[in-house]
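Undergrad: Build me a model from this:
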Amino acid sequence: MEAPLNPSHSLGPSTPNRAQPAYWVGPRHLAGDDGRLYDAVADTLAGLNWTSLAIVRGRQEPDEAPEDRQVLRSTVLHVSPDTLRWAQWVLPDEPFHLGGLPIAWQVCARQDVTTPLAQWSAYFTPDVPGEVLAEFLVALDARDQPTAAFTGPDLVLDAVTAHGWLRDVDQLDAGATDPTFTSHLSLGEVPPLIQDGDPRALTVEADEAGPVGWQAWAEPVLGAPCLWAVSFSASVPHDLVAAFAASLSSTAPVLRRVLPESTRDRLLRAPAS
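TA: Predicted structure coming up:
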């Protein structure tokens, strides 16, 4: 499950060429991240007054100048003012894979400042629309208690069906898909390596089902690689997942200069000029 280091990824992804034409495109869930997933999220967190710091790990020989140090891994950590929530850009580091794609952002929250351990975690791969992750983080920032559960899972499904998504006929209370059956939202057993504070996640036997959490993914072509994937651990509050789901299924167009190859022909486009 562990991905090898990928030297082709820098600390943050390169910004698309501003000379490229801009389009308003939809549907949002197939629009990709415009090559700006780090920038879109980091700008949002800066606006929320989250503190950012770079974590650099490398190797330095005894007689080597600091500027010649070999950087092996580097990530960027963003921490909320109350230190109860944080978001980490892990793509340049050593992320594991989700749906065959490397994790780009990991978002966590803890119950109080007395424990360093996260109560829940959420994972987002590249090509998740930046607007969607940003709205999830805004909802997280607005919460007084980032780990408390106030609502049930129906809120998540209501968020997408309000925008025309269809409940999964095989799991009406735990799944939905967009009308073209390319993007999916499902409440089920979480994949391996998803970190959660629920102690049941550590005590499940090999033949037992573990705690369930929300998973989302886009599969433009059946059997082909996913465009993006998202995993919420079992303890992520449903209203936060609903904020993600409402933004993902929104019918409002998004501005794009870079379109995913796998969905280019599926997107409706209008010049932004």
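Undergrad: what about stretch 263-273, average pLDDT?
TA: Along stretch 263-273, the predicted local confidence has a mean pLDDT of 93.
Undergrad: what does stretch 63-71 give?
TA: Confidence for stretch 63-71, expressed as mean pLDDT, is 66.
Undergrad: what stretches of the stretch 51-200 of the chain score poorly on pLDDT?
TA: For the stretch 51-200 of the chain, the stretches flagged by pLDDT under 70 are 57-61, 64, 66-73, 94, 199-200.
Undergrad: And what about residue 140, helix, strand or coil?
TA: Reducing the assignment at residue 140 to three states with DSSP: H, G, I helix; E, B strand; the rest coil gives helix.
Undergrad: correct me, but it touches residue 107?
TA: Yes - A contact is recorded between residue 140 and residue 107 when judged using Cβ atoms under 8 Å, the distance being 7.1 Å. For every residue, glycine as well, the C-beta is placed using N, CA and C.
Undergrad: Pull up the overlap in contacts between those two.
TA: Contact with both residue 140 and residue 107 is made by residues residue 85, according to Cβ atoms under 8 Å, 6 or more residues apart in numbering.
Undergrad: so what's residue 45 closest to, chain neighbours aside?
TA: Distances taken as Cβ to Cβ, 6 or more residues apart in numbering put residue 78 closest to residue 45, at 4.5 Å, once the chain neighbours are dropped.
Undergrad: chain center to stretch 213-228: distance?
TA: Mean-position distance between stretch 213-228 and its chain equals 13 Å (Cα atoms, centre = their mean, to the nearest Å).
Undergrad: Kindly export it (C-alpha atoms) in CSV.
TA: Presented in CSV, the C-alpha positions along stretch 213-228 are these (Å, rounded to 0.1, in the frame of the first residue of the first chain):
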residue,chain,number,x,y,z
GLY,A,213,-17.1,5.4,6.8
TRP,A,214,-17.9,7.4,3.7
GLN,A,215,-16.0,6.8,0.5
ALA,A,216,-16.3,8.7,-2.7
TRP,A,217,-14.7,8.2,-6.2
ALA,A,218,-15.1,9.1,-9.8
GLU,A,219,-14.7,6.3,-12.4
PRO,A,220,-15.3,7.9,-15.8
VAL,A,221,-14.9,4.6,-17.7
LEU,A,222,-15.9,1.3,-16.0
GLY,A,223,-12.8,-0.7,-15.2
ALA,A,224,-10.5,2.2,-16.0
PRO,A,225,-8.4,4.1,-13.4
CYS,A,226,-10.3,6.4,-11.2
LEU,A,227,-10.2,10.2,-11.8
TRP,A,228,-10.1,10.8,-8.0
